[in-house]
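**Student:** sequence first, then the predicted structure, then my questions.
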Amino acid sequence: MIVPLLIAVHVLGVVLWIGGVAFVTIIVFPMLMRMESSMEKVMFFQGVEHRFAKIAKMSVAVVGLTGGWALSVMHGWNRLFTAQGIDITLMLVVWTFYLLVLLFEGKLFKIIFKGEAQHDMSKVFLKLTAFHWVVLVLSLLTIFVGVFAGHGGF
């Protein structure tokens with residue numbers, strides 16, 4: 001009974017998290033790119049990011065806890081980094097990547113943009129858009145592999 005509950009909560013967390021990433025990538029960034037004023041772009045992005053960051057952090061925590069707990073209950077840790085566990089391994093890698101990005105977001109942005117924000121805001125948002133597309137595609141691929149493997153696809 002506990003495993004289906006853990007998996008259901010896990011999937012809800014993934015839907016909130018990756019759905020939010022998809023929304024930001026597919027809806028918010030194109031809106032930002034059409035805005036004329038750099039200040040308007042920054043203010044809009046900060047407003048969206050501020051609200052979504054809380055949801056993303058909560059979702060990533062829930063996904064990590066439920067995923068780890070489910071792996072423990074099902075004795076699945078030994079599947080990590082094996083051909084049979086490609087789905088779980090990919091999920092763990094993507095989750096770890098997001099966790100690191102969320103934990104070190106401020107430092108990462110300073111490294112990535114090194115003062116560019118004062119010069120060309122369009123360049124900054126173009127880089128952020130490209131980064132989000134890469135992360136979104138990786139996330140969707142992970143979901144695809146997880147569902148495919150979970151239903152006997154491998």
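**Tutor:** Thanks, I have the structure now. Numbers count the residues shown, from 1 in each chain.
**Student:** going by C-alpha atoms from here, please, whenever you check contacts or count neighbours.
**Tutor:** Fine.
**Student:** centre of the chain to the lowest-mean-pLDDT helix or strand in the chain, how far?
**Tutor:** When the helices and strands of the chain are scored by mean pLDDT, DSSP states H and E, helix 105-113 comes last with a mean of 76. Averaging C-alpha positions (Cα atoms, centre = their mean, to the nearest Å) puts helix 105-113 17 Å from its chain's average.
**Student:** now stretch 95-110
**Tutor:** Worked out by Cα atoms, centre = their mean, stretch 95-110 lies 10 Å from the chain centre.
**Student:** what is the end-to-end distance of that stretch?
**Tutor:** 22 Å (Cα to Cα, to the nearest Å).
**Student:** buried residues in the least confident helix or strand of the chain?
**Tutor:** Within helix 105-113, no residue counts as buried by 16 or more other Cα atoms under 10 Å.
**Student:** over to stretch 141-154?
**Tutor:** For stretch 141-154, the neighbour count (16+ other Cα under 10 Å) marks Thr142, Ile143, Val145, Gly146, Ala149 as buried.
**Student:** ok, stretch 22-31 next?
**Tutor:** Ala22, Val24, Thr25, Val28, Phe29.
**Student:** how about the first one: what's its closest non-neighbour residue?
**Tutor:** In space, not counting the residues next to it along the chain, Ala22 is nearest to Leu136; the distance is 6.4 Å by Cα to Cα, 6 or more residues apart in numbering.
**Student:** does the one you found touch Gly19 like I think?
**Tutor:** No. Contact between Leu136 and Gly19 fails when scored by Cα atoms under 8 Å: they sit 9.3 Å apart.
**Student:** more neighbours, the two?
**Tutor:** The neighbour comparison of Leu136 against Gly19 (other Cα atoms under 10 Å) goes to Leu136, with 21 against 15.
**Student:** assign a three-state SS to the more buried one, would you?
**Tutor:** helix (DSSP: H, G, I helix; E, B strand; the rest coil).
**Student:** could you list every residue that touches it?
**Tutor:** With contacts defined as Cα atoms under 8 Å, 6 or more residues apart in numbering, the neighbours of Leu136 are Ile18, Val21, Ala22, Thr25.
**Student:** list the contacts of the nearest residue to Thr82 once chain neighbours are set aside.
**Tutor:** Distances taken as Cα to Cα, 6+ apart place Thr89 nearest to Thr82, at 7.9 Å, with adjacent residues excluded. By Cα under 8 Å, 6+ apart, Thr89 lies in contact with Leu80, Phe81, Thr82.
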